[in-house]
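**Student:** Mind looking at a prediction? Sequence and model below.
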Amino acid sequence: MASREVFLKVKVHNKLFEMKVDTQQTCLQFISSKAKLYQLGDPKSYALYLPEYMDRSGKPMWLDHQHPLGMAHLREGDTLEVKFTPRLINVALHDGSAQWIRSFSGTLNDKYETYRFDFKDPPRELIPHIRKSEMRNIQKDMEYAFMCLLIMADKSKPHFWINSQVSLEEQGVAENSFLVLVPMNFFLKIHAEQLLNADYSLWMTKSSIKHGKQTPVKKRWCALQDGRLFYFKEQRGPPSGVVPLDRFRASIDKDVAFQFRLDNMMDGFRLSDDVYLYKCDSEQEFNTVYAFIRQHTGNTAGKSVFGVSIPTLMQRKENSTIEVPSIARKTFKYLANHMKVEGLFRLSGSSSEVAAYKEAFTVGENVNFDQDATDPHTIASLFKMWLRELPEPLLTYELYEAFVEMDSLSDDDKMETLPVLLDKLPETNKPLVYQLLGFCHQVSMHSEENKMTPKNLAIVFGPNLMRSSGGDLMSEAANSPAVNGVTEFMIEHAPELVETKWDCKQTKTRKPRVSMALGGNRAAPAPGRRGSSPAPPPVQGGPPQRSSSPNPAALPDLPSRTASQKSFRAEVQAATQQRSSMPGLPPPDRPSPGPARPPAPALAPLPPSRGRGSGHRMVLPAGRPNHPSPISPRAPAPLPPASTGVGQQAYATNASLADRVKELEGKLEEEQKLRKDLESRLAIVEQILQDSMANSSQQGYSL
């Protein structure tokens, strides 16, 4: 059969391409031919979507795998979108009454419509089709909020609010759930007394701009709840108005201090050019309120990569065809051409440029480091900030103690045990850990030029990769030598530990080596992770629990550690000077190796950690019959020969002199341990100072 080629616009992951398409191909054949070019992964995980066409039921048209493209009668210039395989979602209209949920049963007697939808897309993409649907009761001048409703087997009806700008998959919406459109006048019935426990509340001055005219500035009591901003004349009674934050773009008003504005994004049900201006009384209030509002506004919700967990990031469409989050991939690719820069990852970049890049990632811009020709130190500082702000460190809270105790093992035991420990990491974390270790190893190979040895890189990355769940700074400072030691070992032996192959253009990672003699079982790979959507949770299992939003009122302000840092720095410097002035000790640049660490205590049960289901620390399998755990103590190192300024003959013949030498050697070992600990603590303090200065500069920039 002769081919019939049509010139079409093909959209793949929000990127538009123009090409000739053979309409005699089936959908699966077309996707398979483009999978490698556009890095789509498994072609069977995708389908074709035609936004300009409707099927027989009046719904948006999808082409399944065996459907030929010609059945859609495509014309020149039409748009064809490659999306993930759609799932079913039901859309119902709330009548605004308090009894609606109780009366709705999801049966044929209720009015609702079923759509096929890519769950990696936000629900706002359904709005144009809902407007054209048979749901005639939708009012043109009314805005609607989205609510997810589940009808369980026991007839219970759990429900939660969802953001119109965040994908259904990221918000935990299950297939065959109900998306309920709730009119905004429903929220005008909520009184201020019902919002005493709102996410955040305060007095602000408010004005609005409608049809180009600004209203008078008035004081209003404002409450933030479930992604909506309520404002009241007084702290009682019904609200004067409600602003659905997911339909507005938030920005700082540079002309007025402590003021931000909300502009309608014109992508909701009600198309208007409304603008709201809100002004806080103090800088502290402004920083807290504005940061909280931006978690829900349309230009930032579901786009920021800072403060977002790795599993959530990997659910997003832009990361569906790669193994690591896009910010990490772009960082590695850019810095691969600047590995010889002196002080890479140690020296801080421009705080204003770091803040500008963070803002760009927060609003979802397509950042290109190569195009901007940015200072490598700025990109390195941005990446370290991203690692620090992860809700859970990359090596997880659960495995923190196990990694710390690794430092007491010999090198051979570490090589056997560390791969087992790395294999316990979440599947979404492993590729980033492997690539980061491999990249740091490549950086350390240029240490003659960049001065970044594995030890220096470990001092930089150790505290960012491993943190305790309690946040005890003193405890973390005490464990810092072990953290840095294990990190240094992993960087230095990255090729042997994780078999990571680093290429500046293409990154390939494989699983770590697992010693079967230790009883380590290689975890089965997650089926279809790359380029496929995970199976939705069954509705009978209960609704996906909506994570509670943090209460800004309960969040601590940026800690002011200046005084404590100064006192701690003075203490460390005094101890270091005292150590340097002691006679008979080697100079600071030539430390002698200290003795092995004492045996680590047995692992104890842990309370459940954030984001993890396990309530106990990992207990590694036994490695030797004489030891209950492979975390066995290293054999004590023999004392160095007594040759520090004393001849072997005098040492052998003069017993008192020999005792004196042993005493001095013991003191030397103790002082070496003390100096090593103090140097590590001083490095941590210096890093904290740099981070505090960077955060302070960033806040000043954002205002």
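**Tutor:** Noted; the coordinates are in hand. Since we're looking at a predicted model, the values are computed, not measured.
**Student:** Show me where the stretch 251-400 of the chain dips below the pLDDT cut-off.
**Tutor:** Residue ranges of the stretch 251-400 of the chain with pLDDT under 70: none are present.
**Student:** So what's the residue count around T205?
**Tutor:** Neighbour count for T205, taken as other C-beta atoms under 10 Å: 17. To be clear about C-beta, it is placed using only N, CA and C from the backbone, and glycine gets the same treatment.
**Student:** May I ask which helix or strand encompasses it?
**Tutor:** Using DSSP states H and E, T205 sits in strand 200-210.
**Student:** quick one: average confidence on that strand?
**Tutor:** Computed over strand 200-210, the mean pLDDT rounds to 93.
**Student:** now what about the next helix or strand along the chain from that strand, what contacts it?
**Tutor:** For strand 200-210, the following helix or strand on the C-terminal side (DSSP H and E) is strand 213-214. With contact meaning C-beta atoms under 8 Å, 6 or more residues apart in numbering, strand 213-214 is reached by S207, S208, L277.
**Student:** any idea how far the first one is from D274?
**Tutor:** When you say that, I think you mean S207. Using C-beta to C-beta, to the nearest Å, one obtains 12 Å as the distance from S207 to D274.
**Student:** got any ranges where the stretch 401-550 of the chain has weak pLDDT?
**Tutor:** Residues of the stretch 401-550 of the chain meeting the criterion pLDDT under 70: 499-550.
**Student:** What segments of it are helices?
**Tutor:** 411-422, 430-444, 447-450, 454-465, 473-492, 494-498 (DSSP state H, counting those that start in this stretch).
**Student:** Quick check: buried residues in stretch 350-358?
**Tutor:** Using 16 or more other C-beta atoms under 10 Å as the test for burial, stretch 350-358 gives S350, S351, E353, V354, A355, A356, Y357, K358.
**Student:** May I see those residues arranged in a markdown table, with secondary structure and distance to R56 as well?
**Tutor:** What follows is the buried residues of stretch 350-358, written out as a markdown table (DSSP: H, G, I helix; E, B strand; the rest coil; distance: C-beta to C-beta, whole Å):
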| residue | secondary structure | distance to R56 |
| --- | --- | --- |
| S350 | coil | 58 |
| S351 | helix | 58 |
| E353 | helix | 54 |
| V354 | helix | 54 |
| A355 | helix | 53 |
| A356 | helix | 50 |
| Y357 | helix | 48 |
| K358 | helix | 48 |
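**Student:** my read: I327 touches M385, true?
**Tutor:** No. I327 is beyond contact range of M385, at 10.2 Å (criterion: C-beta atoms under 8 Å).
**Student:** Quick one: closest of the helices of the stretch 401-550 of the chain to A98.
**Tutor:** helix 430-444 (46.8 Å; C-beta to C-beta).
**Student:** Which other helices and strands does that closest one contact?
**Tutor:** For helix 430-444, the packing partners by 3 or more C-beta pairs under 8 Å, 6 or more residues apart in numbering; DSSP states H and E come out as helix 326-335, helix 454-465, helix 473-492, helix 494-498.
**Student:** one step back: let's have the helices of the stretch 401-550 of the chain in CSV, adding distance to P238 and mean neighbour count.
**Tutor:** Listed next are the helices of the stretch 401-550 of the chain as CSV, based on distance: least, C-beta to C-beta, whole Å; neighbours: other C-beta atoms under 10 Å:
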stretch, distance to P238, mean neighbour count
helix 411-422, 56, 19
helix 430-444, 49, 23
helix 447-450, 63, 14
helix 454-465, 48, 23
helix 473-492, 47, 21
helix 494-498, 60, 19
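**Student:** Would you tell me which one of the contacts of strand 213-214 comes nearest to T297?
**Tutor:** L277 (14.5 Å).
**Student:** Show me where the stretch 51-200 of the chain has its helices.
**Tutor:** Using DSSP H, counting those that start in this stretch, helices in the stretch 51-200 of the chain cover 100-103, 127-131.
**Student:** taking these together, which one is wrapped up most tightly?
**Tutor:** Greatest average neighbour count among the helices of the stretch 51-200 of the chain goes to helix 127-131 (a mean of 15), per mean count of other C-beta atoms under 10 Å.
**Student:** For that one, give me every contacting residue.
**Tutor:** Contacts for helix 127-131 (C-beta under 8 Å, 6+ apart): K59, P60, V91, E113, Y115, I138, S164, L181, D267, G268, F269.
**Student:** Contacts only, for the nearest residue to F187 once chain neighbours are set aside.
**Tutor:** Leaving aside its chain neighbours, F187 sits nearest to V242 (4.5 Å; criterion: C-beta to C-beta, 6 or more residues apart in numbering). Listed by C-beta under 8 Å, 6+ apart, the contact set of V242 reads M184, F187, L188, R228, L229, F230, Y231.
**Student:** For PyMOL, write the select line for the buried members of those.
**Tutor:** In PyMOL, this line selects whichever of the contacts of V242 come out buried by 16+ other C-beta under 10 Å:
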select buried, resi 184+187+228+229+230+231
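**Student:** Which ones among the contacts of V242 lie within strands?
**Tutor:** Among the contacts of V242, the residues falling in strands (DSSP state E) are R228, L229, F230, Y231.
**Student:** So R124 is in contact with S164, correct?
**Tutor:** Yes. Applying C-beta under 8 Å, one finds R124 in contact with S164, separated by 4.3 Å.
**Student:** Find the residues that touch each one of these two.
**Tutor:** With C-beta under 8 Å, 6+ apart as the test, R124 and S164 both reach D246, G268.
**Student:** Please identify which of these two sits among more neighbours.
**Tutor:** More crowded of R124 and S164, by other C-beta under 10 Å: S164, with 25 against 19.
**Student:** and the more buried one, what pLDDT?
**Tutor:** 94.
**Student:** That one contacts E143, correct?
**Tutor:** No. With contact defined as C-beta under 8 Å, S164 does not reach E143; the gap is 10.2 Å.
**Student:** Tell me where the stretch 101-250 of the chain is predicted with low confidence.
**Tutor:** Counting by pLDDT under 70, the ranges of the stretch 101-250 of the chain that qualify are 134-136.
**Student:** All the strands of it, residue numbers only.
**Tutor:** All strands of the stretch 101-250 of the chain, identified by DSSP state E, counting those that start in this stretch, fall at 112-117, 144-149, 159-162, 178-183, 200-210, 213-214, 218-225, 228-232, 241-244, 248-252.
**Student:** Mind listing what's buried along the longest one?
**Tutor:** Applying a neighbour-count criterion of 16+ other C-beta under 10 Å, one finds Y200, S201, L202, M204, T205, K206, S207, S208 buried in strand 200-210.
**Student:** Can you tell me what sits against that strand?
**Tutor:** Strand 200-210 is contacted by residues 195, 214-224, 231, 273-281, 285, 288-289, 292, 551-553 when judged by C-beta under 8 Å, 6+ apart.
**Student:** List only buried entries from those.
**Tutor:** Buried, going by 16+ other C-beta under 10 Å: 195, 220-224, 231, 274-280, 285, 288-289, 292, 552, out of the contacts of strand 200-210.
**Student:** My read is that R75 contacts R4, right?
**Tutor:** No. Shown here, R75 and R4 do not form a contact pair, counting by C-beta under 8 Å, at 11.7 Å.
**Student:** gap between stretch 17-29 and the chain center?
**Tutor:** Chain-centre distance of stretch 17-29: 36 Å, with C-alpha atoms, centre = their mean, to the nearest Å.
**Student:** In that stretch, which residues are buried?
**Tutor:** V21, T23, Q25, T26, C27, L28.
**Student:** Now flag whichever of these is closest to D263.
**Tutor:** The closest of the buried residues of stretch 17-29 to D263 turns out to be V21 (C-beta to C-beta; 38.4 Å).
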